[in-house]
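Trainee: need a 3D model of the following:
(chains A and B)
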Amino acid sequence: MVSRGNAGQLTRRQFVAAGALGGAALAVGCKGGRQGDWEFLSDGQARSLAVICDQIVPADDFPSASQTGVLNYIDRQLMRHYRRHREAYREGLEQAEELSRKQFGQEMSSLSEPQKLEMVEKLAVENSKFFWVVRNHTMEGYYGSPRHGGNRDAVSWRMLGLAEPPVRGRAQYDLTKYDPGGAAS
Amino acid sequence: MKRVNVVIVGAGAAGGVVAKELAVAGLSVVLLERGKWYTANDCRKDDLRNQRTSLLGNAFGPEDEGNPRVWVDAKGAAHTALASEGVYQNDAACVGGGTLSYGAQAWRYLPQDFRMRSTYGAPAGSSLEDWPIDYDELEPYYEKAEYEIGISGDYSGTPFHGPRKRPLPMPPLPPGREFGILEPAAKRLGLHPFHIPMARNSVPYNGRGPCMRCRWCVGFACEVDAKNGSQNTVIPIALGTGNCELRTECMVKEILTDDRGRARGVAYFDEAGHLQEQLCDLVVVSGCAVESARLLLNSKSRLFPDGLGNRYDQVGRNLQGHHYTGAVGFFDFETYDDIGPGATIAVSDYNHGTPGLCGGGMLANEFIRLPIHMIDRLPENTPSWGLGHKQAMRHWHKRCIQIFGPTQQIPTADARVTVDPTVKDKWGLPVARIAGNVHPHTFEIGEMQATRAEAWLKEAGAIHTSRMAGKAELVSAGQHQAGTCRMGEDLRSSVVDRDCRIHDVDNVFVIDSSVHVTNGGFNPALTIMAVAYFASDALKKNWKGTGFRS
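Mentor: Got it, this is the predicted structure:
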């Protein structure tokens, strides 16, 4: 469709590999690909938040929320446009861990995958206000522009089949061959 | 500071036109704009921070910091709103106003749109009225706007438009894939689909090149300057005359009046925050419906204790915009071609003439979608998170079409802008307080429009559809805001006369969407510009050389 698309596009196998690497990196404490500490979150809060975000956008053939830097996005915005949500995150994450200890006797990041899902489903009911804040921010980080720290390498846009970088310029399209009823040129 | 003939407050769709018309006629003009003048270098393609999707703020103003408004919910409780929140009812604050980053649909209203009360009668509880001017009077000014601003499109497919003397100056852009899917379906339904008129170059025009068809259009400034607003058409002409000075980042505090009740100038905070006075012969208020009303209401004096032009408590009333209704259709084949601007096809068959309904609206396909727009636009019963949501995003992003449009609203006197008694902005000025709603009949029209959009999508092959309708809690003014200083002959039910002059004060004009008596079932920008050309003409005719006397 687009001349530069092929060079820039990962194959599915490369995708999966990138996702697996991202997951491993997170497990050993890498801050979503950035050097240094989180700007707002503590390491503990980041661990809890990653569990919630990764249920909201789990990994399948394409990476999960935390694997593409969604925590990075949220952390940065809590120092910028979303300063007003700081208290919600502090309290919400604390309550979520409390819920996890009460329900499963351990912290969220130690739960098994089915338990994590059960846990987040419970959170969505018991603290739906906080859950929806995280849900929306996770979607923004995952599907929004990579410039804000999430959607690393525009992975979600590629997942949707969109060319990245975004096509610019009439030269990218051969409009003389464009057939409105058929496939895109 | 040197006295000038005219101060215009607001460099948007209307203010730019008035500045050009008066400066070319030889009047000295100061154009004050509270925002900045952006260039192509500011046109970053940020899907989370633009004028359409402002999750991380408005790209072209106002900033969240220091510019609050207050809105009142259906139960009467007041809340403070940030400029990037929907309830704020924002329109951009920058040179060009909304026209820098709009989708650029450039519609003429239909003849009936100026005669809503005569055509339908006013529903009980509404403030539905006729305009004091009609389509035929405005027609030459629509044409002037189409040629000076630069409009592409083709009306030849539809009989539903007012008489016109010349075709549009540019042909439409080549159709997108959605056009190819929707056009035959509309024709099978007996409708009259056609190419949307757009303030967008399809061919080189006005010294600038054509649209490059990228996906970053509505909500963004155009990086190749192919989208036509006041900032790249009339304002440069105004400045080129040498008679117009544009001062940006200047916030007008109030219109100053003398002992005889005439305006003598404006007081404003300049770029550095210093209070300045600019004296002039006449003042034109072009701040858009919410801010224009606010400025008049904040311009209090001994002779005008309730604000300028507000003797009969009319300023700020009849606030309206558009209730957007329609449907999303989901298909078992790919409908998406990633070619902007996206919106290409419309029908005006439903604007008028449905028994039992006071009007209707245009229906068109949506501008190009970005991934973030899809997260809550998936088929009903799709999980809102988790694996099911992710897979639905993947499955449907390229397999849906949205058809919707601006339903003409039936105004009420209770939907209004006042100034808040306590909340102030960063300059210490009382902020706009927005309350009330349009007449409930508006929502009945909207339900019908959603049903029609569903039928069109199903005819086009949609395997299922989701409706977009319902009742809004607050008047939906937003970028299409209008009505707060409406035109009329009756001093007790309007604010300005047919020439856009305030009834009370003979040298103060309101020229912008505030004067719209009703707002049509179309995007309002071209009508705002046409009315600005019309009012400028009247103003020039009444100009007596040194001072303004009617």
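Trainee: what about the helices in the stretch 51-200 of chain B?
Mentor: Using DSSP state H, counting those that start in this stretch, the helices found in the stretch 51-200 of chain B span residues B:116-120, B:135-145, B:177-188.
Trainee: one more: the stretch 451-550 of chain B?
Mentor: B:525-541.
Trainee: going along the chain, name the strands of chain A.
Mentor: Using DSSP state E, no strands are assigned anywhere in chain A.
Trainee: low-confidence ranges in it?
Mentor: A:1-36, A:165-185 (pLDDT under 70).
Trainee: circling back to that earlier point, in CSV, list the helices of the stretch 51-200 of chain B along with mean neighbour count, mean pLDDT and distance to chain A.
Mentor: For glycine as for every other residue, the C-beta is placed from the backbone atoms N, C-alpha and C. Shown next, in CSV, are the helices of the stretch 51-200 of chain B (neighbours: other CB atoms under 10 Å in any protein chain shown; pLDDT from 0 to 100; distance: least, CB to the nearest CB, whole Å):
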stretch, mean neighbour count, mean pLDDT, distance to chain A
helix B:116-120, 17, 98, 36
helix B:135-145, 19, 98, 26
helix B:177-188, 20, 97, 3
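Trainee: which of these sits closest to A:E97?
Mentor: Closest to A:E97 of the helices of the stretch 51-200 of chain B, according to CB to CB: helix B:177-188, at 47.4 Å.
Trainee: picking that back up, looking at the helices of the stretch 51-200 of chain B, which is nearest to B:R262?
Mentor: Closest among these, using CB to CB: helix B:135-145, at 27.7 Å.
Trainee: which residues are in contact with the closest one?
Mentor: Identification of contacts with helix B:135-145 by CB atoms under 8 Å, 6 or more residues apart in numbering or on different chains yields B:17, B:106, B:108-111, B:113-114, B:151, B:162-166, B:526-527, B:529-531, B:533-534, B:537.
Trainee: separate out the buried members of those.
Mentor: B:17, B:106, B:108-111, B:113-114, B:151, B:162, B:526-527, B:529-531, B:533-534, B:537 (16 or more other CB atoms under 10 Å in any protein chain shown).
Trainee: once you drop chain neighbours, what's closest to B:P440?
Mentor: Distance criterion CB to CB, 6 or more residues apart in numbering or on different chains; nearest residue to B:P440, sequence neighbours excluded, is B:K471 at 7.4 Å.
Trainee: the stretch 301-450 of chain B against chain A: which residues are in contact?
Mentor: B:337-339, B:371-372, B:374-375, B:384-387, B:389-391, B:393-394, B:397-398 (CB under 8 Å from any CB of the partner chain).
Trainee: buried ones only from those residues, please, as a ChimeraX command.
Mentor: Filtering those down to the buried ones (16+ other CB under 10 Å) takes a single ChimeraX command:
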select /B:337,338,339,371,372,374,375,384,385,386,389,390,393,394,397,398
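Trainee: take the residues of the stretch 301-450 of chain B next to chain A and keep only those in helices.
Mentor: B:P371, B:I372, B:M374, B:L387, B:H389, B:K390, B:Q391, B:M393, B:R394 (DSSP state H).
Trainee: and those as JSON lines, adding distance to B:P123 and pLDDT?
Mentor: Below are those laid out as JSON lines (distance: CB to CB, whole Å; pLDDT from 0 to 100):
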{"residue": "B:P371", "distance to B:P123": "41", "pLDDT": "95"}
{"residue": "B:I372", "distance to B:P123": "38", "pLDDT": "96"}
{"residue": "B:M374", "distance to B:P123": "37", "pLDDT": "96"}
{"residue": "B:L387", "distance to B:P123": "48", "pLDDT": "98"}
{"residue": "B:H389", "distance to B:P123": "41", "pLDDT": "98"}
{"residue": "B:K390", "distance to B:P123": "46", "pLDDT": "98"}
{"residue": "B:Q391", "distance to B:P123": "46", "pLDDT": "98"}
{"residue": "B:M393", "distance to B:P123": "42", "pLDDT": "98"}
{"residue": "B:R394", "distance to B:P123": "46", "pLDDT": "97"}
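Trainee: who's in contact with the closest residue to B:I133 other than its chain neighbours?
Mentor: Nearest residue to B:I133, sequence neighbours excluded (CB to CB, 6+ apart): B:R498, at 5.3 Å. Contacts here follow CB under 8 Å, 6+ apart; on that basis B:R498 touches B:P132, B:I133, B:M487, B:E489, B:A538.
Trainee: cool, B:A83 as well?
Mentor: Counting by CB under 8 Å, 6+ apart, B:A83 has contacts B:S54, B:G57, B:N58, B:G61, B:P62, B:E63, B:D64, B:N67, B:P68, B:R69, B:N90.
Trainee: switch to 7 Å and redo it
Mentor: Listed by CB atoms under 7 Å, 6 or more residues apart in numbering or on different chains, the contact set of B:A83 reads B:N58, B:P62, B:E63, B:D64, B:N67, B:N90.
Trainee: what count of nearby residues applies to the third one?
Mentor: B:E63 has 14 neighbouring residues, counting by other CB atoms under 10 Å in any protein chain shown.
Trainee: give me the spatial nearest neighbour of it, chain neighbours excluded.
Mentor: B:E63 sits nearest to B:A83 (CB to CB, 6+ apart), 6.5 Å away.
Trainee: sorry, back to before: for the ones in helices among the residues of the stretch 301-450 of chain B next to chain A, which one is nearest B:A221?
Mentor: For those, the nearest to B:A221 is B:I372 (18.6 Å; CB to CB).
Trainee: the closest one and B:R200: what is the separation?
Mentor: Per CB to CB, to the nearest Å, B:I372 is found 23 Å from B:R200.
Trainee: then B:R3?
Mentor: Following CB to CB, the distance that separates B:R3 from B:R200 is 40 Å.
Trainee: higher neighbour count, the two?
Mentor: Counted by other CB under 10 Å, B:R3 and B:R200 do not tie: B:R200 has more neighbours, with 28 against 12.
Trainee: quick one: that one and B:S152 touch, right?
Mentor: Yes: contact criterion CB atoms under 7 Å: B:R200 and B:S152 qualify, at 5.8 Å.
Trainee: could you dump stretch A:74-90 to CSV, C-alpha only?
Mentor: The C-alpha trace of stretch A:74-90 is given here as CSV (Å, rounded to 0.1, in the frame of the first residue of the first chain):
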residue,chain,number,x,y,z
ILE,A,74,0.8,7.0,32.8
ASP,A,75,3.8,7.8,34.9
ARG,A,76,4.7,10.7,32.7
GLN,A,77,1.2,12.1,32.5
LEU,A,78,0.9,12.0,36.3
MET,A,79,3.7,14.6,36.3
ARG,A,80,2.1,16.5,33.5
HIS,A,81,-1.5,16.7,32.2
TYR,A,82,-2.9,14.2,34.7
ARG,A,83,-1.5,15.7,37.9
ARG,A,84,-5.1,15.8,39.1
HIS,A,85,-5.3,12.0,39.1
ARG,A,86,-2.3,11.5,41.4
GLU,A,87,-4.3,10.9,44.5
ALA,A,88,-6.6,8.5,42.7
TYR,A,89,-3.6,6.4,41.7
ARG,A,90,-2.0,6.5,45.2
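Trainee: can you tell me if that stretch touches chain B.
Mentor: Yes: using CB under 7 Å from any CB of the partner chain, we find that stretch A:74-90 touches chain B at A:H81.
Trainee: cool, and stretch A:96-112?
Mentor: No: figure legend: stretch A:96-112 not in contact with chain B (CB under 7 Å from any CB); closest approach 15.0 Å.
Trainee: in that stretch, what's buried?
Mentor: A:A96, A:E97, A:L99, A:S100, A:F104, A:M108, A:S109, A:L111.
Trainee: what's the closest of those to chain B?
Mentor: Chain B has its nearest neighbour among the buried residues of stretch A:96-112 in A:A96, at 15.0 Å by CB to the nearest CB.
Trainee: quick check: B:E489 vs chain A, distance?
Mentor: As judged by CB to the nearest CB, to the nearest Å, B:E489 and chain A stand 48 Å apart.
Trainee: my read: that residue touches B:I133, true?
Mentor: No: taking CB under 7 Å as the definition, B:E489 is not a contact partner of B:I133, at 10.8 Å.
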